[in-house]
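Asker: Just the structure for this:
(chains A, B and C)
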Amino acid sequence: MSHMTQQSLTQRLANPTRFMDLSRRILPWLAGAAAALIVYALYLAFFVAPPDYQQGETVKIMFIHVPAAWLGMMGYALIAISSFGYLVFRHPLADVSAKAAAPLGAAFTFLALVTGSLWGKPMWGTYWVWDARLTSMLILLFLYLGLMALRSAIEDEALAGKLCAVLGLVGVTILPIIKFSVDWWNTLHQPASVIRMDGPTIHNDLLIPLVYSAIGFSLLFFTLHMKGMRNEILRRRLKSLTMAEVDRARTVSASAAAE
Amino acid sequence: MDLGPHAAFIWASYVIYGGVVAALILWLVWDGSRLKAKLAELEARGVSRRAQRSAAPQKDA
Amino acid sequence: MSGFLTLLKRDLLLQVREGGAVGTALGFYLVVVALMPLGLGPDLNLLTRIAPGVLWIALLLAALLSLPRIFEADDEDGSLEVIATGDLPLELATAAKALAHWISTGIPLALLAPVLGILLNLDLAAYPVLVATMLAGTPAISFLGAVGAALTLRARRGGLLLALLVLPLYVPTLIFGITAIAAATGGPSGFTASFLILLAISLFSLVIGPLAAAAAIRFQTQ
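Answerer: Prediction:
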């Protein structure tokens, strides 16, 4: 019985150990690159980029709004891939990856909504407009919240991981349909003037800071994700060691009582 | 730096954005060090991964 | 095939005999719709404009109430494990259960809608379209709802969690149901397109619903 416990524990830790090693070495570089790119992007945004002829200086919000929206979607794609990996290959790190990605993706989706709202107020006069993009982002946020709520509502961690994987895959399958339906709905209720948030075309002067910002924040996302995965692995390690300790103490007291 | 008539919105966006990102970073770092501390504590108490688990149960302290 | 039909018949009988379960959903539907004019004012023009939306949303909420029942009763007395390990593939079993939900709850709700439309001064031309879109859309509600019911079977705060999980999935059905009605009552053209997409979404849910629900149940009964 104890041999079986030891065997499965080793199995479970084998891959994660390699991951911990690798990530410990990569993490500082990833973080450094992210920081450098973000700082440079901010410099470009505030000291180099010109005001937009139509929107004035508020176009600067675009430099963080667009990456946030992009990361919100990428986060969910990451969850979908992790979920698939977990369900099909039972790879132990896949569940860790999905769990770590959820709060990050949700946070950036939230930021996309907030910055979108603050960008919209000077443009359209209200803090919220039900345009297709913002509405889709809002529903994406709901999907994230559902994932996190489901995971916290199920006590058995292994089961929670599997059920969240199912939900993640269902969500990613229906997401394009949701996006399509929201676009459809929006074209029917379109206000008279069509203002796309990033303008008909993005001028190069605005595009370059945007690209740097997008890459920088993407690297930041991966850094945070990797760190989150490391934390989760530590947490699981801690949990299984604590349980093993309790187990041993119980065995000891049981054998002591038997004597 | 003149950011035009809507400067407040621009600042608010960046501040909120920075705040949330900072919060994420701080939470992850804090959580990580807390976990490492607890693991170190367990290690110090003699609980290890390649446990003497398969050995006979000891009458330990 | 016979296993499928047996399970379907059994579930339908259980739903009906449980007495009051379907009635509760219908009653809820009635109450929510009746609350709308109380909350928004009895301006008939306003009510006509919002009637399709209100009827659809209230239907979604009423359906939510009845979703946990798809798997709960069987889980409580252990028959879910029997079904999960039985001869009938679990995907077909969950499909049968979702179908039973649609027949026993979805269809009655859809048929009640036009009656409630009277309360909301629904446009006369909209009545047949309303029923048609609801009959076309409620399968999606049952089959996607079954996924939610399976996932939250043993979760804490199951009912509320179910709503949070499933309502975003209902957005496409809601949108195309509404636009189909709007198109038929003199809005922008495109009734056929909306209606066909609505049907397509329901058909899609017929496949993905049982698959996901079966996976979820399998994980919980192993």
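
Asker: so A:A102 makes contact with A:L147?
Answerer: Yes - the criterion here is C-beta atoms under 8 Å, and A:A102 meets it with A:L147 at 5.2 Å. All C-beta atoms are positioned from the backbone trio N, CA, C, and that covers glycine.

Asker: and for the two, which residues touch both?
Answerer: A:I79 (C-beta atoms under 8 Å, 6 or more residues apart in numbering or on different chains).

Asker: Report the residue spans of chain B with pLDDT below the cut-off.
Answerer: B:1, B:3, B:46-61 (pLDDT under 70).

Asker: Name the residue of it that lies nearest to chain C.
Answerer: B:V20 (22.1 Å; C-beta to the nearest C-beta).

Asker: That residue contacts A:L111, doesn't it?
Answerer: Yes - at 5.6 Å, B:V20 and A:L111 qualify as touching, with contact defined as C-beta under 8 Å.

Asker: In terms of neighbours, single out the busier of these two.
Answerer: Using other C-beta atoms under 10 Å in any protein chain shown as the criterion, B:V20 and A:L111 rank with A:L111 on top: 24 against 16.

Asker: How about the more buried one: what's its closest non-neighbour residue?
Answerer: Leaving aside its sequence neighbours, A:L111 sits nearest to A:A68 (C-beta to C-beta, 6 or more residues apart in numbering or on different chains; 4.2 Å).

Asker: and that neighbour, what is it in contact with?
Answerer: A:A68 neighbours (C-beta under 8 Å, 6+ apart): A:F108, A:T109, A:L111, A:A112, A:T115, A:F217, B:Y17.

Asker: Which one (most neighbours) among those residues?
Answerer: A:F108 (30 neighbours).

Asker: what's the closest non-adjacent residue to it?
Answerer: A:L71 (4.0 Å).

Asker: Quick check: the gap between the one you found and chain C.
Answerer: 20 Å (C-beta to the nearest C-beta, to the nearest Å).

Asker: How about A:I154?
Answerer: Applying C-beta to the nearest C-beta to A:I154 and chain C gives a distance of 5 Å.

Asker: Tell me the pLDDT of that residue.
Answerer: If you check A:I154, the pLDDT there is 92.

Asker: Ramachandran angles for it?
Answerer: phi -110, psi 120 (degrees, to the nearest 10).

Asker: Tell me how many other residues crowd it.
Answerer: If we define neighbours as other C-beta under 10 Å, then A:I154 has 22 of them.

Asker: tell me, what residue is most central in chain C?
Answerer: Nearest to the mean C-alpha position of chain C, by C-alpha atoms, centre = their mean, lies C:I141 at 3.4 Å.

Asker: about what we covered before: wait, which of the contacts of A:A68 is closest to chain C?
Answerer: Distance to chain C across those (C-beta to the nearest C-beta) is lowest for A:T109, with 12.7 Å.

Asker: List the contacts of A:L71.
Answerer: A:L104, A:G105, A:F108, A:A112, A:F217, A:S218, A:F221.

Asker: cutoff 10 Å now
Answerer: Counting by C-beta atoms under 10 Å, 6 or more residues apart in numbering or on different chains, A:L71 touches A:78, A:104-105, A:107-109, A:111-112, A:214, A:217-218, A:220-221.

Asker: coming back round to it: so the residue nearest to the centre of chain C is in which element?
Answerer: helix C:126-151 (DSSP states H and E).

Asker: Only the buried residues of that helix, if you could.
Answerer: Of all the residues in helix C:126-151, those buried under the rule 16 or more other C-beta atoms under 10 Å in any protein chain shown are C:126-127, C:129-151.

Asker: All the helices of chain B, in order from the start?
Answerer: B:7-44 (DSSP state H).

Asker: Which residue is most remote from the mean position of it?
Answerer: B:P5 (40.0 Å).

Asker: Quick check: phi and psi at it.
Answerer: phi -70, psi -20.

Asker: Quick check, it in contact with A:K121.
Answerer: No - counting by C-beta atoms under 10 Å, B:P5 does not reach A:K121; the two are 11.9 Å apart.

Asker: list the residues that contact both of these two?
Answerer: With C-beta under 10 Å, 6+ apart, B:P5 and A:K121 have common neighbours A:T58.

Asker: where in the stretch 51-200 of chain A is pLDDT low?
Answerer: Residues of the stretch 51-200 of chain A that meet the cut-off, pLDDT under 70, sit at A:189-200.

Asker: redo that, cut-off 80
Answerer: Counting by pLDDT under 80, the stretch 51-200 of chain A has low-confidence residues at A:52-57, A:123-124, A:129, A:187-200.

Asker: ok, longest helix in chain C?
Answerer: Every helix in chain C considered (DSSP H), the longest is helix C:191-221.

Asker: angle of that one against helix C:126-151?
Answerer: 20 degrees (axes from the mean of the first three to the mean of the last three C-alpha atoms, to 10 degrees).

Asker: Packing partners of helix C:191-221?
Answerer: helix A:157-188, helix C:69-77, helix C:79-84, helix C:90-101, helix C:126-151, helix C:158-184 (3 or more C-beta pairs under 10 Å, 6 or more residues apart in numbering or on different chains; DSSP states H and E).

Asker: quick revisit: you'd agree the residue of chain B closest to chain C is up against A:F110?
Answerer: Yes - between B:V20 and A:F110 there is a contact under C-beta under 10 Å: 7.2 Å.

Asker: residue contacts, the residue most central in space within chain B?
Answerer: Central residue of chain B (C-alpha atoms, centre = their mean): B:D31, 2.2 Å from the mean position. Counting by C-beta under 10 Å, 6+ apart, B:D31 touches A:K227, A:G228, A:R230, A:N231, A:E232, A:L234, A:R235.

Asker: Which residue, neighbours along the chain excluded, lies closest to the second one?
Answerer: The one in question is A:G228. Nearest non-adjacent residue to A:G228 (C-beta to C-beta, 6+ apart): A:A100, at 3.3 Å.

Asker: State the distance from the residue nearest the centre of chain A to chain B.
Answerer: Centroid-nearest residue in chain A: A:G105, 2.5 Å away (criterion: C-alpha atoms, centre = their mean). A:G105 sits at a distance of 11 Å from chain B (criterion: C-beta to the nearest C-beta).

Asker: element containing that residue, please.
Answerer: helix A:92-124.

Asker: Could you list the buried residues of that helix?
Answerer: A:92-123.

Asker: Run the chain-centre distance for that helix.
Answerer: Put simply, helix A:92-124 sits 7 Å off its chain's centre (C-alpha atoms, centre = their mean, to the nearest Å).

Asker: by contact count, what packs against the very next helix or strand once past that helix?
Answerer: The first helix or strand that comes after helix A:92-124 along the chain, using DSSP H and E, is helix A:132-153. Packed against helix A:132-153, as judged by 3+ C-beta pairs under 10 Å, 6+ apart, are the following elements: helix A:62-89, helix A:92-124, helix A:157-188, helix C:126-151, helix C:158-184.

Asker: Can you check what angle separates helix A:132-153 from helix C:158-184?
Answerer: Using the same axes, to 10 degrees: helix A:132-153 against helix C:158-184 is 160 degrees.

Asker: and helix A:132-153, C-alpha only, in PDB?
Answerer: Output of helix A:132-153 as PDB, limited to C-alpha atoms (Å, rounded to 0.1, in the frame of the first residue of the first chain):
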ATOM      1  CA  ALA A 132     -19.800  43.800 -30.800                       C
ATOM      2  CA  ARG A 133     -16.200  43.700 -29.500                       C
ATOM      3  CA  LEU A 134     -17.000  44.800 -26.000                       C
ATOM      4  CA  THR A 135     -20.000  42.600 -25.700                       C
ATOM      5  CA  SER A 136     -18.000  39.600 -26.800                       C
ATOM      6  CA  MET A 137     -15.300  40.500 -24.300                       C
ATOM      7  CA  LEU A 138     -18.000  40.700 -21.600                       C
ATOM      8  CA  ILE A 139     -19.200  37.200 -22.400                       C
ATOM      9  CA  LEU A 140     -15.700  35.900 -22.500                       C
ATOM     10  CA  LEU A 141     -15.300  37.300 -18.900                       C
ATOM     11  CA  PHE A 142     -18.400  35.300 -17.900                       C
ATOM     12  CA  LEU A 143     -16.800  32.200 -19.300                       C
ATOM     13  CA  TYR A 144     -13.700  32.800 -17.300                       C
ATOM     14  CA  LEU A 145     -15.700  33.400 -14.200                       C
ATOM     15  CA  GLY A 146     -17.600  30.200 -14.800                       C
ATOM     16  CA  LEU A 147     -14.300  28.200 -15.000                       C
ATOM     17  CA  MET A 148     -13.000  29.600 -11.800                       C
ATOM     18  CA  ALA A 149     -16.200  29.200 -10.000                       C
ATOM     19  CA  LEU A 150     -16.500  25.600 -11.100                       C
ATOM     20  CA  ARG A 151     -13.000  24.800  -9.900                       C
ATOM     21  CA  SER A 152     -13.600  26.300  -6.500                       C
ATOM     22  CA  ALA A 153     -16.900  24.600  -6.100                       C
END
